[in-house]
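>>> what shape does this take:
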Amino acid sequence: MPMHPALQAQPLAPVLDLLFAPDPEPALQALVNAGLLQPEQLPAWRAARRPVGRAADNGDLATQTKLLVDAQAGQRGKLAPSEPLAVLGQLLPLLQAAQSQGLALDAAARAGQRVLDLGAGLFYPLSTAALLHANGVGEAWAYEPFAVQPEFAEAALLELQRAVAREPERFRCFPDSPSAPELKARLARLDLHRLAERIEDLNQGRCERVDLGGVALFQRPAALPGQQLDWVFSNSVLEHIDDLAGALAWQRRLLKPGGWAFHTVDFVDHRHYFDRSLHPLQCLFDGVLDAINGLRPSQMEALFMGAGFACYKRQKLQLPAGLLDAAPPFAPRFEALRGRPELYEWVNGYLLRSPG
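The predicted structure follows:
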């Protein structure tokens with residue numbers, strides 16, 4: 001099964017050990033050390049787990065997996081409703097900035113818009129799109145080119161529905177978002193019937209999209225119609241794309257004339273998130289590009305403009321001053337970058353506008 005590059009470095013062996021090993025504690029600790037599990041989640045995972053023998057049939061394994069999914073959907077799990085809220089937390093300031101450049105975002109405008117979550121993820125690929133639709137966006141689509149985890153995607157949506165039912169005001173993202181009852185109703189109207197099975201059909205190429213009614217999931221670029229989108233967005237996706245010029249040309253084809261693309265880009269070497277002993281810019285020294293393309297801000301911005309977009313940048317996070325003062329020698333491929341202030345740019349938000 002294809003795996004998203006961002007997950008290739010993650011230790012999957014502890015997950016298997018958790019399913020099969022008589023003693024789960026070493027596997028649980030490995031998941032905590034890898035940042036895949038929060039310490040406060042350990043009691044829920046211990047309570048949910050029951051030993052599954054290696055000879056167990058698929059039904060038992062599926063039941064065990066569902067228990068793990070339920071535990072993952074806790075307060076800080078990857079399926080928690082805080083995940084799509086975090087994505088929208090990155091997106092909304094970019095949308096607000098685009099309003100001053102002519103993007104209409106009032107309730108009437110959103111009702112007629114079609115938008116795309118680009119690189120929606122393996123575990124909650126529909127949640128951010130569903131939340132945008134609940135907040136009045138006419139059609140919110142999600143695109144994830146790698147095989148989605150059906151059970152996780154379904155569980156994440158159900159968890160989102162439960163959370164919105166409990167705290168609807170927390171999930172109203174625009175000043176004129178629908179009322180709390182309507183917000184809940186828009187989520188409740190989504191067609192979740194046989195959702196996990198339909199996602200697996202998409203994974204296997206037996207269908208082109210999974211349509212929930214106002215929210216849809218795509219996996220093949222050719223399945224997305226051209227010049228139909230008002231805006232697209234991504235969160236920590238562009239830094240993983242090797243052929244970024246090709247991806248940007250594709251976005252241009254998807255957008256209506258004058259359409260927008262909003263991208264949050266993390267320029268830190270992502271190995272640092274799994275091994276804090278590594279320098280945040282370790283790739284500059286050893287030349288290893290592990291699941292990232294290694295582009296620096298100016299290089300990426302040149303590609304944006306080369307694709308025909310007008311580019312506006314909003315710097316979000318800066319690395320600490322002096323971080324490179326005692327740095328090791330740069331790898332030959334990055335030597336020309338030494339001394340550039342842009343190396344301290346950690347997270348940037350980009351507003352890209354296609355020609356009208």
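
>>> where do the helices sit along the stretch 101-250 of the chain?
For the stretch 101-250 of the chain, helices defined by DSSP state H, counting those that start in this stretch occupy the ranges 107-111, 127-134, 150-166, 180-188, 195-203, 244-254.

>>> between these, which one is nearest to Asp266?
helix 244-254 (14.3 Å; CB to CB). All C-beta spots, glycine's among them, are computed from the backbone N, C-alpha and C.

>>> which strands or helices does the closest one pack on?
Packed against helix 244-254 by the contact rule (3 or more CB pairs under 8 Å, 6 or more residues apart in numbering; DSSP states H and E) you find strand 229-235, helix 297-306.

>>> tell me the most buried of those?
Ranked by mean neighbour count, the helices and strands packed on helix 244-254 are led by strand 229-235 with a mean of 24 (mean count of other CB atoms under 10 Å).

>>> what does that one contact?
Strand 229-235 has contacts (CB atoms under 8 Å, 6 or more residues apart in numbering) with 87, 90-91, 94-95, 98, 103, 113-119, 141, 251, 254-256, 259-264.

>>> still on that earlier bit, let's have the helices and strands packed on helix 244-254 in a markdown table, adding distance to Arg198 and mean pLDDT.
Shown next, in a markdown table, are the helices and strands packed on helix 244-254 (distance: least, CB to CB, whole Å; pLDDT from 0 to 100):
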| stretch | distance to Arg198 | mean pLDDT |
| --- | --- | --- |
| strand 229-235 | 23 | 97 |
| helix 297-306 | 35 | 97 |
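
>>> strands of this protein, residue ranges please.
Using DSSP state E, the strands of the chain run over 114-118, 139-143, 209-211, 215-218, 229-235, 255-266, 310-318, 345-353.

>>> neighbouring strands for the longest one, and are they parallel or not?
Read that as strand 255-266. Within its sheet, and counting by DSSP bridges, strand 255-266 is paired with strand 229-235 (parallel), strand 345-353 (antiparallel).

>>> the first one to helix 127-134, inter-axis angle?
Spelled out, that is strand 229-235. Orientation check (axes from the mean of the first three to the mean of the last three CA atoms, to 10 degrees): strand 229-235 against helix 127-134 gives 140 degrees.

>>> also the longest one?
For strand 345-353 and helix 127-134, the angle between their directions (the same axes, to 10 degrees) works out to 40 degrees.

>>> could you dump strand 345-353 to PDB, C-alpha only?
Taking C-alpha atoms only, strand 345-353 is exported to PDB below (Å, rounded to 0.1, in the frame of the first residue of the first chain):
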ATOM      1  CA  GLU A 345      12.200  31.400   7.900                       C
ATOM      2  CA  TRP A 346      10.400  28.500   9.600                       C
ATOM      3  CA  VAL A 347       6.700  28.600   8.600                       C
ATOM      4  CA  ASN A 348       5.400  30.900   5.900                       C
ATOM      5  CA  GLY A 349       1.900  31.400   4.600                       C
ATOM      6  CA  TYR A 350       1.400  32.100   0.900                       C
ATOM      7  CA  LEU A 351      -1.400  33.700  -1.000                       C
ATOM      8  CA  LEU A 352      -1.300  32.900  -4.700                       C
ATOM      9  CA  ARG A 353      -3.700  34.400  -7.200                       C
END
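
>>> what separates that strand from the chain centre, distance-wise?
The chain centre lies 16 Å from the centre of strand 345-353; the measure is CA atoms, centre = their mean, to the nearest Å.

>>> first to last residue in stretch 211-230, what's the distance?
Distance between the two ends of stretch 211-230: 19 Å, counting by CA to CA, to the nearest Å.

>>> just how off-centre is that stretch within its chain?
That offset, for stretch 211-230, works out to 17 Å (CA atoms, centre = their mean).

>>> what does stretch 225-234 give?
The chain centre lies 17 Å from the centre of stretch 225-234; the measure is CA atoms, centre = their mean.

>>> thinking Leu195 is in contact with Glu154, fair?
Yes. The criterion here is CB atoms under 8 Å, and Leu195 meets it with Glu154 at 4.7 Å.

>>> returning to that earlier point: could you redo the helices and strands packed on helix 244-254 as CSV and give each row distance to Arg220?
As requested, the helices and strands packed on helix 244-254 are exported to CSV (distance: least, CB to CB, whole Å):
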stretch, distance to Arg220
strand 229-235, 16
helix 297-306, 23
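
>>> closest one to Pro178 among the ones you listed?
Here strand 229-235 is closest among the helices and strands packed on helix 244-254 (CB to CB), at 18.7 Å.

>>> give me the contact list for stretch 175-182.
With CB under 8 Å, 6+ apart, stretch 175-182 has contacts from Asp106, Ala107, Ala134, Asn135, Gly136, Pro168, Glu169, Arg172, Leu183, Arg186.

>>> ranking by neighbours, what's the top pick from those?
Ala134 (29 neighbours; other CB atoms under 10 Å).

>>> what's the local residue count around Pro84?
27.

>>> before we move on, what about Leu295?
So Leu295, with other CB under 10 Å, has 19 neighbours.

>>> same deal with Val164?
23.

>>> could you report the pLDDT at it?
At Val164, the model reports a pLDDT of 93.

>>> surely it and Ala185 touch.
No. With contact defined as CB under 8 Å, Val164 does not reach Ala185; the gap is 10.2 Å.
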